[in-house]
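S.K.: Sequence first, predicted coordinates after that:
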Amino acid sequence: MNAPTILDVAPAGPTRPIASRGVSLATAASLLLLLTACGPSDEPEEGPPPIRPVRVVTVEERAAGNTVTLTGTIQAKDDVNLAFRIGGQLLERNVNVGDRVTTGQVVARLDPSTLRDAVQAARANLAAAMARLVEARNEVERFEPLLPRGFVSRQMFDQAVEARNAAQAMVDAAEAQVSTAETQLSYTELLADGPGVVTARGAEPGEVVAVGQMIVRLAREGGRDAVFDVPARVKDEAQPDQDVRVSLSTDAQVQARGRVREVSPEADPVTRTFQVRVGLTDPPEALRLGSTVTGTVELGGGAGMIIPAAAMTSAQGRPAVWVMDPAAGTVALRPVDVARYELDSVLIAHGLTDGELVVTAGAQTLRPGQQVRLLGAPPPSAAAAQPGIEARVPPAAEPGPAAEAAKPEAGQ
């Protein structure tokens, strides 16, 4: 008897199509996935956000006004450069640096030989013009009585009068030439126009100097100034008639009072500072020219809080800062009113109170109510692991299951 084939043991009912089998398998897989999703998840739940480290600064109330100290030098109130009005060879210089001169004293001389010859030539021309003038006058005097009697024509008399007038003009011109030559000759001597002290020299005997070239610099007597280079902020805050206390840098007991006399309208192109001259009232002799001095001035700035510029941020288009609550270990964004921006700091007029902690580093990634810790302090978990250090757990906003779950986790 032959063994039955697969076709012999198959059920006699109608055959199920292949597509129905695929649908049944897909339905079973979907049910399996649903059952798996309903079961407990093996992935760990996300923990609380990390406590960010921040750097803070304690703000303090600044009184209205501050003291500014500057370093400068003593200079003469009036400095003049003595120079010749004409050019020539410098024959002699009678003073040196440090010498005192009086009014009208001869400071230097030029070689006067050429100009002396010019004076003699001008005087000779004047003498010749005077001789022609005398001749012309005599001729007019001879023709004048003869004109009514008809011995001299009107034309001859008029020519004589014109010659006399021309001779007079030549005399006037010659006199002017003599005066000019004598004045030029007087310019060969350089005179001091007032008492003072020579502070510099610009030429030596034997040199050929040009018109206006400085021969000596003279610091006139009658006043001394303390000269300072100040930044723009100090210049803007200082009053036009600001009182300044000036003291000698090597001896603070040597002091003098002064007032701002002159402020340069243009900043130095290199240092970007402005030169300020302070006129001293009755300065002592120890405040000599060139001495280094220290100036102290009280500026009337507004009261407020000084914070670093890095602590500034913005909230809804207004300046704001992050303020840390040390008890809760959280931060809050607080709007402030800015009184003035400086180079590396900001003066806050309103919005902060004395003793508050303002975040200066790490403020870019903060959000209101976020837990923070001071930079350099160990996190709560690390502090708990060290003996003798108590881990501080920030209190929860509201008591509930989240707060209860956080306690054992922080204690681990």
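M.R.: Structure received. Numbers count the residues shown, from 1 in each chain.

S.K.: Contact partners for Pro269?
M.R.: Applying Cβ atoms under 8 Å, 6 or more residues apart in numbering to Pro269 gives no contacts. All C-beta spots, glycine's among them, are computed from the backbone N, C-alpha and C.

S.K.: Which pLDDT value goes with it?
M.R.: Per-residue pLDDT puts Pro269 at 90.

S.K.: ok, now how distant is it from Gln253?
M.R.: 38 Å (Cβ to Cβ, to the nearest Å).

S.K.: Quick one: residues contacting Val305.
M.R.: Quick fix: residue 305 reads Met, not Val. Val59, Glu60, Glu61, Arg62, Leu347, Ile348, Leu352, Asp354.

S.K.: can you tell me which helix or strand it belongs to?
M.R.: strand 304-308 (DSSP states H and E).

S.K.: next one: Ala122
M.R.: With DSSP H and E as the criterion, Ala122 is inside helix 113-146.

S.K.: I'd like the next helix or strand past that helix.
M.R.: Defined by DSSP H and E, the subsequent element after helix 113-146 is helix 154-186.

S.K.: Quick check: buried residues in that next one?
M.R.: 157, 160, 163-164, 167-168, 170-171, 174-175, 177-178, 181, 184-185 (16 or more other Cβ atoms under 10 Å).

S.K.: Now do the helices in this structure.
M.R.: Taking DSSP state H as the criterion, the chain contains helices spanning 6-9, 18-38, 113-146, 154-186, 232-237, 380-385, 401-411.

S.K.: and Val216, what does it touch?
M.R.: Counting by Cβ under 8 Å, 6+ apart, Val216 has contacts Asn81, Leu82, Arg93, Val95, Val107, Ala108, Val198, Ala200, Arg201, Gly202.

S.K.: Next one, pLDDT for the last one please.
M.R.: It refers to Gly202. 93.

S.K.: How much space separates the closest residue to it other than its chain neighbours from Leu115?
M.R.: If the residues on either side of it in the chain are set aside, Gly202 comes closest to Met214, at 3.8 Å by Cβ to Cβ, 6 or more residues apart in numbering. As for Met214, its distance to Leu115 is 21 Å (criterion: Cβ to Cβ).

S.K.: out of those two, which sits in the more crowded spot?
M.R.: Leu115 (19 against 15; other Cβ atoms under 10 Å).

S.K.: How much space separates that one from Ile86?
M.R.: 8 Å.

S.K.: Touching both of these two, which residues are there?
M.R.: What both Leu115 and Ile86 touch, as defined by Cβ under 8 Å, 6+ apart, is the set Gln184, Tyr187, Thr188.
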